[in-house]
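Colleague: fold the following for me, if possible:
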Amino acid sequence: RFFITTVDRIVEKKRPLSLLSPVPAAAQSTTGGPGEERWKGVGGVRVVPHDRQREMTSDSHVRRQSSPSTSVAEPPQQEGDDTTIRLRIAGLGHHFELDASTNAKLSDLKEEVERRTEIPAPYLRLVAKSKKLEDDSMVLGPSIMDGVRIVEIGAGLEDRTKLLLLHSSSYSQDKPGIEKLDKLNEEIKKLEDGAFDDKTVQELIIQICCKIDCVETNGSDALRKMRKKTIKYAESVAQRSEKLSKQSARGIDP
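Modeller: Have a look, this model is predicted:
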């Protein structure tokens, strides 16, 4: 008897789905829709036919697609997109705001900061959200994508982002020369604003230019450009003084 009972259980477990029969109507769940059949296997375990499984999987997929997503990822910036953002700059005794394009380069931003602060761009360092912005070739906004390919790496700056203005590492190396050129620029400024005759201005400008030539650049391109800019400033003051002197000699009101 034990042997027969064991064999019956083995056969019952291996019985194919085709031998399963639907549960009578009285045993069906009242929650099911009309015409819905529940299939009962060995031990009362529910078994769903393959065609019904495909229908249920398809319905579940449709429901997932139609339901709204709780979080929507912001799409990356595509090539050609351009947005204007306002940035707040503070540091080194300066505080101002400026508008910039998200497609603009970091080098463009430094040039604008140089124009407002008169600090050469190579001596500037910008920090946003505790992150140093070192690569001048990156764009200010998010990375620019062309499909799945990154065209331009972005700094990820957003509207109203605050940027901390600091000196770069090259500033400390060129600091002695920078301080000398700053003093010479002050002397030129006094000649420009003062009431000196042309002969005095020309003599003092020559002396200042000699001092400018004595400033060592030590191979620094930034310091060389700054020295060249100071010489042009001195020459422009000398030319203006000479022009005013000629106009006065002719009796023309300057």
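Colleague: I figured residue 238 hits residue 199, correct?
Modeller: No - look at residue 238 against residue 199 with C-beta atoms under 8 Å: they stay out of range, at 11.2 Å. For the C-beta atoms, the positions are set from N, CA and C on the backbone; glycine is no exception.
Colleague: comparing those two, which residue is more hemmed in?
Modeller: residue 238 (22 against 11; other C-beta atoms under 10 Å).
Colleague: the more buried one: what's it in contact with?
Modeller: With contacts defined as C-beta atoms under 8 Å, 6 or more residues apart in numbering, residue 238 is in contact with 201-202, 205.
Colleague: repeat that with 10 Å
Modeller: For residue 238, the contacting residues are 188, 191-192, 198, 201-206, 208-209, by C-beta atoms under 10 Å, 6 or more residues apart in numbering.
Colleague: could you list the low-pLDDT ranges of the stretch 151-254 of the chain?
Modeller: By pLDDT under 70, the low-scoring segments of the stretch 151-254 of the chain are 251-254.
Colleague: strands along that one, start to end?
Modeller: Using DSSP state E, counting those that start in this stretch, the strands of the stretch 151-254 of the chain run over residues 161-167.
Colleague: circling back to that earlier point, buried subset of the contacts of residue 238?
Modeller: Buried subset of the contacts of residue 238 (neighbour count, 16 or more other C-beta atoms under 10 Å): 188, 191-192, 198, 201-202, 204-205, 208-209.
Colleague: I'd like those residues written out as a markdown table, with distance to residue 225 added.
Modeller: Output for these, formatted as a markdown table (distance: C-beta to C-beta, whole Å):
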| residue | distance to residue 225 |
| --- | --- |
| 188 | 17 |
| 191 | 22 |
| 192 | 21 |
| 198 | 29 |
| 201 | 25 |
| 202 | 25 |
| 204 | 24 |
| 205 | 20 |
| 208 | 18 |
| 209 | 17 |
